[in-house]
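Chemist: quick one, what's the 3D model for this:
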Amino acid sequence: FILRPQLSPPPDAALHEGLLSRYDGDSRSWQENYFVLLGDFTLQWFESEEALRTGCEPGGSTALSGYRLLPSPSEYSESLADLCRGLADGSPFADPPGEFLFFLYHPFRRHFCFCATSAGSRRIWMAALGDGVRYRSTELQRRDSLEAEAFLQAVRFYRQERGRYGAEDLFLGPEPEILGNVLMEDLVPVLRARVLPSIRGAERRRRQLWLQFLQEVYTLVLSEISSELESFRKEKEKLRLELEKKIRPDLDQMLTLKDHIAGKLQAVVRIPAESWCSRAVEPHLDRAMEELALPVTSGLEAVRSLVARRVDEVIALVRSSPVAVLRKELATLGETFWRPDIMYPCYEEADAYRDSLRELGERFGFRGTTSLILDAQNLMQRVGGDARGRGRGGMRRRRTLGLSLLDFFFNYFFFGEFYPFSLNFFNFFFPPFSPQFFFPPIPPARRGQELPRYESLVFADFGDIINLENVYEETVLAALLRAVGKGEG
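Modeler: Take a look at the predicted model:
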């Protein structure tokens with residue numbers, strides 16, 4: 001079971017507004033606009049504040065799902081270089097009007113290069129936009145519903161059939177964007193090989209046209225996916241009822257058959273799986289646990305200090321302020337944790353470990369760094385908000401809740417790292433299989449014969465319900481759980 005932090009809905013009022021300079025790639029110049037971050041975390045911009053106050057339509061808007069907030073030109077250039085492989089490096093924008101730069105980066109949507117008027121303005125904007133990115137990017141995961149988890153699992157299976165594992169960072173945003181990210185994963189290499197060579201002009205112009213082309217492709221992909229999903233939603237309830245009608249009469253028989261097949265698979269897989277875990281997983285458990293836990297524990301410690309400070313302030317008011325003032329402070333205590341300017345230092349504690357998590361990516365193919373950090377920040381906000389109006393006793397309950405959530409949270413991302421890694425390299429039944437470092441390779445003829453041999457055990461009527469790949473992965477997961485138990489012991 002996966003427990004994700006649940007948040008209250010964002011406030012209805014606009015979160016932040018003000019002037020920012022934005023680089024315009026078409027005119028190759030910096031333009032000053034008036035930006036508004038709405039309560040639903042949509043970013044709008046206007047020609048001026050007067051245009052906003054007089055009711056003019058915004059010059060543009062964007063949802064913040066799937067974006068990354070980058071604090072420096074070097075990080076933006078690094079992300080851009082990976083997306084624009086095959087093009088010469090170079091400054092992606094003209095000389096800025098100041099030094100207080102920050103960036104909103106999405107591989108397939110409009111990029112935003114911002115310049116604030118001061119360090120304070122930059123910090124407040126980064127705090128507000130960071131809240132928006134986190135909230136909109138994790139909206140599906142925060143539902144904590146079987147339907148949402150089934151969708152994410154189906155996308156994982158789709159990628160695993162193509163030999164791709166992990167990559168939680170692709171699963172950010174609503175359903176259409178997640179599917180769009182997965183499809184673009186397949187499309188971009190093809191487009192880079194076929195389209196990029198035909199784009200002519202200076203290198204900066206080629207880069208701009210390439211990015212615009214990817215944005216247009218992504219827009220078309222999202223449009224088609226959204227249409228298909230809407231059609232599916234209309235049929236979903238009918239399909240669910242049909243499946244339920246099919247499962248109910250034979251549920252006990254299906255479960256018995258599944259357990260029977262699992263026992264046979266376990267007899268084949270268990271010993272090699274445990275050997276794999278002892279050689280490839282257990283030696284790295286302590287280091288991986290430490291690396292994965294640091295963003296969460298550091299952030300929660302920062303929240304603990306913030307809660308303690310706010311509670312002390314309220315207690316001080318008891319001695320020196322009227323009851324009405326005290327009631328107002330108690331009512332706003334929980335709102336503290338929706339204040340991005342107050343929570344930003346706590347969130348920075350988690351984000352500070354982004355670079356150290358890259359080693360996990362290099363060693364195990366872990367691609368969930370952004371998801372890990374965003375969920376850590378969600379956890380901080382929930383744990384902090386839970387202290388609303390509860391005093392010191394509430395702080396003890398909050399700490400208990402925090403430890404419980406941390407346990408589930410850590411286990412989710414731990415298996416998000418080692419589980420895909422193990423499936424990728426310990427894949428007896430689906431080609432390619434290549435863990436020659438640890439075991440003799442299985443003959444090619446045997447690879448394709450393993451699952452069909454077990455498929456004959458599944459009755460024809462149960463073929464679309466009992467999935468052998470699921471049973472196999474549960475067996476590998478059981479071996480991992482035993483390995484983790486040894487490591488924790």
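Chemist: where exactly do the helices run in the stretch 251-400 of the chain?
Modeler: 251-276, 285-320, 323-333, 340-351, 354-364, 369-385, 391-425 (DSSP state H, counting those that start in this stretch).
Chemist: average pLDDT across the second one?
Modeler: Rounded to a whole number, the mean pLDDT of helix 285-320 is 77.
Chemist: other SSEs contacting that helix?
Modeler: Helix 285-320 sits against helix 323-333, helix 340-351, helix 354-364, helix 369-385, helix 391-425, helix 468-488, with contacts defined as 3 or more Cβ pairs under 8 Å, 6 or more residues apart in numbering; DSSP states H and E. All C-beta spots, glycine's among them, are computed from the backbone N, C-alpha and C.
Chemist: which of these comes out lowest on mean pLDDT?
Modeler: Among those, helix 391-425 scores lowest, at a mean of 53.
Chemist: C115 touches P96, doesn't it?
Modeler: Yes: judged on Cβ atoms under 8 Å, C115 makes contact with P96 at a distance of 4.7 Å.
Chemist: more crowded one of these two?
Modeler: Neighbour tally, C115 and P96, criterion other Cβ atoms under 10 Å: the higher count belongs to C115, 20 against 15.
Chemist: list the contacts of the more buried one.
Modeler: C115 makes contact with L20, S21, R22, Y23, W30, P96, P97, G98, F100, L101 under the criterion Cβ atoms under 8 Å, 6 or more residues apart in numbering.
Chemist: give me the contact list for the helix or strand where the second one lies.
Modeler: By that I understand S21. In this structure, S21 sits in strand 16-24 according to DSSP states H and E. Contacts of strand 16-24 with the rest of the structure, by Cβ under 8 Å, 6+ apart, involve 29-37, 45, 49, 52, 93-94, 96-98, 112-117, 121, 124-125, 128, 340.
Chemist: okay, and S27 sits in which element?
Modeler: Going by DSSP H and E, S27 is not in any helix or strand.
Chemist: quick one on the thing from earlier: pull out the buried positions in the strand holding S21.
Modeler: H16, E17, L20, S21, R22, Y23 (16 or more other Cβ atoms under 10 Å).
Chemist: beta partners for G60?
Modeler: Following DSSP bridges, G60 is listed with bridge partners W45.
Chemist: and the gap between it and W125?
Modeler: 17 Å (Cβ to Cβ, to the nearest Å).
Chemist: of those two, give the one with the bigger neighbour count.
Modeler: Neighbours per residue (other Cβ under 10 Å) separate G60 from W125, with W125 holding more: 22 against 12.
Chemist: now for the closest residue to the more buried one other than its chain neighbours, how many residues are close by?
Modeler: Nearest non-adjacent residue to W125, counting by Cβ to Cβ, 6 or more residues apart in numbering: A116, 6.0 Å away. A116 has 21 neighbours, counted by other Cβ under 10 Å.
Chemist: and for A316?
Modeler: Going by other Cβ under 10 Å, the residues that sit close to A316 add up to 11.
Chemist: and it, what does it touch?
Modeler: A316 touches nothing, counting by Cβ under 8 Å, 6+ apart.
Chemist: how near is it to E473?
Modeler: The gap separating A316 from E473 is 55 Å, by Cβ to Cβ.
Chemist: those helices in the stretch 1-150 of the chain, which residues are they?
Modeler: Under DSSP H, counting those that start in this stretch, the stretch 1-150 of the chain gives helices at 49-53, 73-83, 119-137, 146-160.
Chemist: and R200, which of those helices is closest to it?
Modeler: R200 lies closest, by Cβ to Cβ, to one member of the helices of the stretch 1-150 of the chain: helix 73-83, at 19.4 Å.
Chemist: with that, I have no additional questions.
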